[in-house]
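> quick one, structure for this:
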Amino acid sequence: MTEGADLRPYFAAVKKIIAVGMLLPVAGLTFVLHARLWGTGPAALHALYALAWLAFGAEVMFWRHARIPFVCKVVPGKAKLHAMWLPFAVGFFVGLSLLTFWEKALLRTPLRLTVFLAALAAIIVGLEICQRRFVYPRLFLVYEEEPEPILVSL
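Reported below is the predicted structural model:
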């Protein structure tokens, strides 16, 4: 990949690939599986709620992220997953419990869910505008092509 002067198309492409290739299939699968259990109406609301949180999570995870996934080399052992799996697991289950609690509260009345989705959409759009205007012009792509010195000495 060659790097041009304006990096916004690269970051926009990554977000589009994630949305179309990952987020929409997860929301679609959520709808299909829950439609058989709950019917199409509640399943559509549940899938929409899940899609909104997935989109927000993707936007937050790629805030000031200057790497293109699957293009930059990953050095084995650098993530230290053996030491971080417990906090990640606890955070995942606590977050999942909170999202389930909020969904139950929001689905009691359609107005609550509509206001919540509109507010979350406004936050996502605001984050995107802020990134395009202030963050992307200051970022440059990070290429991790050189191995870490410890790997060279072994």
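> what's the residue closest to the geometric middle of this protein?
residue 58 (1.7 Å; CA atoms, centre = their mean).
> surely that one and residue 15 touch.
Yes. Counting by CB atoms under 8 Å, residue 58 touches residue 15, with 7.0 Å between them. The way it works is simple: take the backbone N, C-alpha and C, and place the C-beta from them, glycine included.
> what residues are up against the residue nearest to the centre of the chain?
Contact analysis of residue 58 by CB atoms under 8 Å, 6 or more residues apart in numbering lists 15, 18, 19, 23.
> any idea which element the second one lies in?
Spelled out, it's residue 18. helix 8-18 (DSSP states H and E).
> how near is residue 82 to residue 91?
17 Å (CB to CB, to the nearest Å).
> of the two, which one has the most company?
Comparing residue 82 with residue 91 by other CB atoms under 10 Å, the one with more neighbours is residue 91, at 11 against 8.
> quick one: which helix or strand includes that one?
Short version, using DSSP H and E: residue 91 is in helix 81-106.
> next secondary structure element downstream of that helix?
Next in sequence after helix 81-106, counting helices and strands by DSSP H and E, comes helix 110-130.
> pLDDT averaged over that following helix - what is it?
Here helix 110-130 scores 91 as its mean pLDDT.
> repeat for stretch 25-45
Here the average pLDDT along stretch 25-45 is 93.
> quick one: residues in contact with that stretch.
Stretch 25-45 is contacted from outside by 46, 47, 48, 50, 51, 54, 107, 113, using CB under 8 Å, 6+ apart.
> so which of those residues sit within strands?
Using DSSP state E, no member of the contacts of stretch 25-45 sits in strands.
> out of those, who's nearest residue 131?
Proximity of the contacts of stretch 25-45 to residue 131 (CB to CB) peaks at residue 54, which lies at 17.6 Å.
> the closest one is in contact with residue 18, isn't it?
No. Judged on CB under 8 Å, residue 54 makes no contact with residue 18 at a distance of 9.3 Å.
> and the two most separated of the contacts of stretch 25-45?
Spatial extent of the contacts of stretch 25-45 (CB to CB) is set by the pair 54 and 107 at 17.4 Å.
> who's more crowded, those two?
With neighbours defined as other CB under 10 Å, residue 54 and residue 107 compare such that residue 54 has more, 18 against 14.
> and that one, how far is that from residue 95?
In terms of CB to CB, residue 54 sits 12 Å off from residue 95.
> next one: residue 137
From residue 137 across to residue 95, the span is 32 Å (CB to CB).
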